[in-house]
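Peer 1: Here is my input, please return the structure:
(2 chains)
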There are 2 protein chains.
Amino acid sequence: MKYYSFLLLLLLSGFSFSQKSSGSDSTIIRQFFDEALVRGKSHEDLRSLCKGIGARLSGSAQAQMAVEWGKRKMESYGFDKIYLQPIMVPHWERGNKEVAWYQSGSGDAIPVDILALGGSIGTNGTLKAEVIEFKSLDELKKATKASVQGKIVFLNQPMNAANIVTFQAYGGCYGIRGQGAVESAKLGAVGVVIRSLALPDDHFPHTGSMYYEDGVSKIPAGALSTISSNELSKALSKGKVNLILEMDCRDFPDEPSFNVMCEITGKEKPNEIITIGGHLDSWDAGEGAHDDGAGIVHCLEALRILKETGVQPKHTIRVVFFMNEENGNKGGISYAEWAKKENQKQIAAVESDRGGFSPEGFECDGAESYIQLMKGFSTVLAPYGLHHFEAGYGGVDISPLKKSYEGIPLFGFVPDSQRYFDFHHAASDIFESVNKRELELGCASMAAFVYLLDKSL
Amino acid sequence: MKYYSFLLLLLLSGFSFSQKSSGSDSTIIRQFFDEALVRGKSHEDLRSLCKGIGARLSGSAQAQMAVEWGKRKMESYGFDKIYLQPIMVPHWERGNKEVAWYQSGSGDAIPVDILALGGSIGTNGTLKAEVIEFKSLDELKKATKASVQGKIVFLNQPMNAANIVTFQAYGGCYGIRGQGAVESAKLGAVGVVIRSLALPDDHFPHTGSMYYEDGVSKIPAGALSTISSNELSKALSKGKVNLILEMDCRDFPDEPSFNVMCEITGKEKPNEIITIGGHLDSWDAGEGAHDDGAGIVHCLEALRILKETGVQPKHTIRVVFFMNEENGNKGGISYAEWAKKENQKQIAAVESDRGGFSPEGFECDGAESYIQLMKGFSTVLAPYGLHHFEAGYGGVDISPLKKSYEGIPLFGFVPDSQRYFDFHHAASDIFESVNKRELELGCASMAAFVYLLDKSL
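Peer 2: Prediction:
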């Protein structure tokens, strides 16, 4: 696209996304977006988290570095209060990166792209066994013990590309990752590999939590890239295939860690708290850029924007960098328990944990009155492309607040979901995968939403 | 983001984007999206255009290869009619890639990232002159001849990051590229370099059309990357700086070329035509992936989807791969003239030329009745994230139809604009910069829009 005709475009477009300044909310929110897009700190903050520290799985040295990074960042912005909440978190390590090959008959062994699932045991040397493929967890459950005994189960269920919101496709495959090991072991399998919960055909395996069950043997569990899954499936269609697998991963005792918090104190109701947050930990592949470095930065930058533009919120706005969302949610659980124990009045919470993509809107897990309240924000937010205000989900980190605070409304930031499962839990989730403007628009959207919520409650 | 809680998300989300099938339009449109996302050809078609041919500036051998590629693709899908419209197009070549350095006083010459602007003359050897910087075309126009005479003008106007729709920021800077050479030459400058019309700070210069004016000296014109622009500006803030420039580009006589077309014949009104299209030519940097390989593929795939799902349109749906949008619009102009001359009844046109990003909706350049008609499509398209239906711009290629057909409504496909100016007219606009799902959603959106438009007219 070139041209002269842009002048025409500008004239004709009716400036449907243009900057209106009728009414003070519009004016203030326009300032938020200017601050984020023109003088924003979010992209450089994300860079320092991703490039300075990188992956930061709970219990790791990097996770502790991220705690210190978070505290320093908060201090540098001069918020009213900054503090750490001590918690205990699981400590699992991958060790040496996994290796695996498949072998058809007496042919050459062919390497596959593999990552152990988080929480898996290791193979204790090399594991070699015949592979049996299933297209879903339900198909596996219907198999006989005789057919599975002694084999490595291969759960090759692709995410459904037809789902418009990719999280729905993810939800549809979640079972193979979470329950694959237990269901395979029940039938006597010696290991399980799954097709990565990812949409593109590429060479990145995607890790994520898996679970064992008391009374069921623990077997090693890994994820293959989608391309390796396709290759393995093709080899299996031609005859018997062995998988050779070496995984070094293991559990260690729980480690001390922290949730990291900062606040702007409320002017009218300082004892009433709106919590906004994301999670500071990440999986150990990539740099946790979209998951959830972006969410961390959305919330930090939103608070900085409120401060910088001189907004004095009615209620206390608290940013929480939760620890350990990925493999235990100890941060979220401990936060809700602590808040309750301290008799804090938590009145609402907002989470960002769906990536750093172009903002679409917010969802509400709460009473109809809160959903309607949120829908009321849509007019003033429409100039910024925000159009999705629906009942939905808040987020993992803030969800335990529901137990401590009956009826508390939880809100989730909703960016475009199309690219999320290109990066989620994979080595591809690096700083460069986050677009600067998309990130900045998310920060300003979070600031605007929190501003309107604070005014309305 | 991990988790068990996805089940909850699915339950809570109210399936606001879910697949409804109430009414036959909804059912058919759901089939379009299934076809695009599950059995789509668009991503591989774009790959073959970008990787098999690459850049395809009008008049080049690659542009001719793209014509043949288009015809073969159309034939492979078995549409009712396929034909080429002969046209004449400009032929400008970059020659050896440009090189440039800046030099402060007697210091080392420091290389800058540069691309000649399309249509520029060469330097005929090496051009060395002092640089004078202006922050806008207006600032340049106010300068004295004495201050500019014999120098190279540096137009360093950044795109306004605060604009939410990036095309607005582009429009705001368009003048420095289009008119920079003429305004500089009027004041006696010997050359002009502009800050690339791009939002990120990176090393990619972005080319694009520039114009000369009869009676004003032609001077060489190039674009620097944003990083080189920042560096040059910094050097200038410290004192006198020379720019050393070598550009090999030149004009050749016009070349024969073609618009490439295919149709599904209308069942009820075969003589009434809805034209949909994008442009087959591209600038000579990168692979013309977003600009406008994506648009080409949107339209081709939309027609394939209509055919594959058995839709029999009322009117004839014609896809046009226009040639020469980038530096002359000879394809668009010739098409409108030819259609008029042949007494074709053109009733509407739709263009895709804003990149292959997540679809947001459509704009209409036409009477209020057409805008309202389009807004009426919003309910059935909402499940696919389409929410923007406003008065606006159609596209460069289809715009000449307005002259031939008074009152014809023109529609423009609107994807998310945030990343467009990372790639536009630069070496970064390659196949890998287009996300498969985003492209596919655009194709299905185009099919759905054309289906609804055809039914409604």
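Peer 1: can you list the residues of the stretch 251-400 of chain A near chain B?
Peer 2: Within reach of chain B by Cβ under 8 Å from any Cβ of the partner chain, the stretch 251-400 of chain A has these residues: A:291-292, A:325-327, A:353-354, A:358, A:360, A:363, A:365, A:383-385, A:387-388, A:390-393, A:395-396, A:399. C-betas here are computed from N, CA, C, even on glycine.
Peer 1: go again using 6 Å as the cut-off
Peer 2: Neighbours of chain B within the stretch 251-400 of chain A, by Cβ under 6 Å from any Cβ of the partner chain: A:291, A:326, A:353, A:358, A:365, A:384, A:387, A:390-393, A:396.
Peer 1: looking at it, A:Gly332 is touching A:Phe322, isn't it?
Peer 2: Yes. A:Gly332 is within contact range of A:Phe322, at 5.4 Å (criterion: Cβ atoms under 6 Å).
Peer 1: Mind listing the shared neighbours of those two?
Peer 2: Overlap of the contact sets of A:Gly332 and A:Phe322 (by Cβ atoms under 6 Å, 6 or more residues apart in numbering or on different chains) consists of A:Asp397.
Peer 1: More neighbours: which of those two?
Peer 2: In this comparison of A:Gly332 against A:Phe322, neighbours counted by other Cβ atoms under 10 Å in any protein chain shown, the higher total goes to A:Phe322 at 33 against 26.
Peer 1: Let me know the secondary structure of A:Gly286.
Peer 2: Of the three states, A:Gly286 takes coil under DSSP: H, G, I helix; E, B strand; the rest coil.
Peer 1: Which residue, other than its chain neighbours, is closest to it?
Peer 2: Closest residue to A:Gly286 apart from its sequence neighbours, by Cβ to Cβ, 6 or more residues apart in numbering or on different chains: A:Asp429 at 3.6 Å.
Peer 1: So that neighbour sits against A:Gly293, correct?
Peer 2: No. Shown here, A:Asp429 and A:Gly293 do not form a contact pair, counting by Cβ under 6 Å, at 8.6 Å.
Peer 1: tell me which element whichever residue of the stretch 151-300 of chain A sits closest to chain B falls in.
Peer 2: Taking Cβ to the nearest Cβ as the measure, the point where the stretch 151-300 of chain A comes nearest chain B is A:Gly171, at 4.0 Å. Using DSSP states H and E, the secondary-structure element containing A:Gly171 is helix A:166-178.
Peer 1: distance between that helix and the chain's centre?
Peer 2: Relative to its parent chain, helix A:166-178 has a centroid offset of 14 Å by Cα atoms, centre = their mean, to the nearest Å.
Peer 1: Count residues in the vicinity of the residue nearest to A:Gly286, would you?
Peer 2: The number of residues near A:Asp429, taken as other Cβ under 10 Å, comes to 29.
Peer 1: ok, now the one 10 residues further on?
Peer 2: Applying other Cβ under 10 Å, we find 29 residues neighbouring A:Leu439.
Peer 1: what's the answer for A:Tyr102, then?
Peer 2: The local packing count at A:Tyr102 equals 24, with neighbours defined by other Cβ under 10 Å.
Peer 1: where does chain A dip in pLDDT?
Peer 2: Per-residue confidence for chain A (pLDDT under 70) gives these ranges: A:1-23.
Peer 1: what about stretch A:151-169, near chain B?
Peer 2: Yes. Stretch A:151-169 lies in contact with chain B when judged by Cβ under 6 Å from any Cβ; the contacting residues are A:161-162, A:164-165.
Peer 1: An error on my part: the question was meant for stretch A:178-186.
Peer 2: No. For stretch A:178-186, no contact with chain B is found by Cβ under 6 Å from any Cβ; the gap never falls below 6.9 Å.
Peer 1: Could the C-alpha coordinates of that stretch be exported in PDB?
Peer 2: What follows is stretch A:178-186 as a C-alpha-only set of coordinates in PDB (Å, rounded to 0.1, in the frame of the first residue of the first chain):
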ATOM      1  CA  GLY A 178      -2.200 -33.300  32.400                       C
ATOM      2  CA  GLN A 179      -3.500 -36.900  32.600                       C
ATOM      3  CA  GLY A 180      -1.500 -38.700  29.900                       C
ATOM      4  CA  ALA A 181       1.000 -40.300  32.200                       C
ATOM      5  CA  VAL A 182      -1.500 -41.500  34.800                       C
ATOM      6  CA  GLU A 183      -3.800 -43.100  32.200                       C
ATOM      7  CA  SER A 184      -0.900 -44.600  30.300                       C
ATOM      8  CA  ALA A 185       0.600 -46.100  33.500                       C
ATOM      9  CA  LYS A 186      -2.700 -47.600  34.500                       C
END
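Peer 1: Could you pull up phi and psi at the spatially most central residue of chain A?
Peer 2: What sits nearest the mean C-alpha location of chain A, by Cα atoms, centre = their mean, is A:Asp291, with 4.0 Å. Comment: the main-chain dihedrals of A:Asp291 come out as phi -120, psi 90, following degrees, to the nearest 10.
Peer 1: ok, now A:Lys151?
Peer 2: Here A:Lys151 shows phi and psi, under degrees, to the nearest 10, equal to phi -100, psi 170.
Peer 1: ok so, going back, mind putting the residues of the stretch 251-400 of chain A next to chain B into a markdown table with distance to B:Ser456 and secondary structure?
Peer 2: Converted to a markdown table, those look like this (distance: Cβ to Cβ, whole Å; DSSP: H, G, I helix; E, B strand; the rest coil):
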| residue | distance to B:Ser456 | secondary structure |
| --- | --- | --- |
| A:Asp291 | 43 | helix |
| A:Glu326 | 49 | coil |
| A:Asp353 | 41 | coil |
| A:Ser358 | 30 | coil |
| A:Asp365 | 38 | strand |
| A:Tyr384 | 31 | helix |
| A:His387 | 23 | coil |
| A:Glu390 | 28 | strand |
| A:Ala391 | 32 | strand |
| A:Gly392 | 32 | coil |
| A:Tyr393 | 36 | coil |
| A:Val396 | 44 | coil |
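Peer 1: what's near enough to touch the nearest residue to A:His290 once chain neighbours are set aside?
Peer 2: Nearest-residue entry for A:His290: A:Gly355, 3.9 Å, with adjacent residues in sequence omitted and distances by Cβ to Cβ, 6+ apart. With contacts defined as Cβ under 6 Å, 6+ apart, the neighbours of A:Gly355 are A:290, A:294, A:415, A:420.
Peer 1: which SS class is A:Cys262?
Peer 2: Secondary structure of A:Cys262, reduced to three states by three-state DSSP: strand.
Peer 1: number of nearby residues for it?
Peer 2: For A:Cys262, the count of nearby residues is 25 (other Cβ under 10 Å).
Peer 1: Would you confirm that it contacts A:Ile317?
Peer 2: No. Under the criterion of Cβ under 6 Å, A:Cys262 lies out of contact with A:Ile317, with a separation of 9.4 Å.
Peer 1: what about the longest helix in chain A?
Peer 2: Scanning chain A for the longest helix, with DSSP state H as the assignment, gives helix A:436-456.
Peer 1: nearest residue to A:Phe423 other than its sequence neighbours?
Peer 2: Leaving aside its chain neighbours, A:Phe423 sits nearest to A:Asp429 (4.0 Å; criterion: Cβ to Cβ, 6+ apart).
Peer 1: Spell out the secondary structure type for that neighbour.
Peer 2: coil.
Peer 1: How much space separates it from chain B?
Peer 2: Distance from A:Asp429 to chain B, counting by Cβ to the nearest Cβ, to the nearest Å: 11 Å.
Peer 1: Please consider this matter closed, and thank you.
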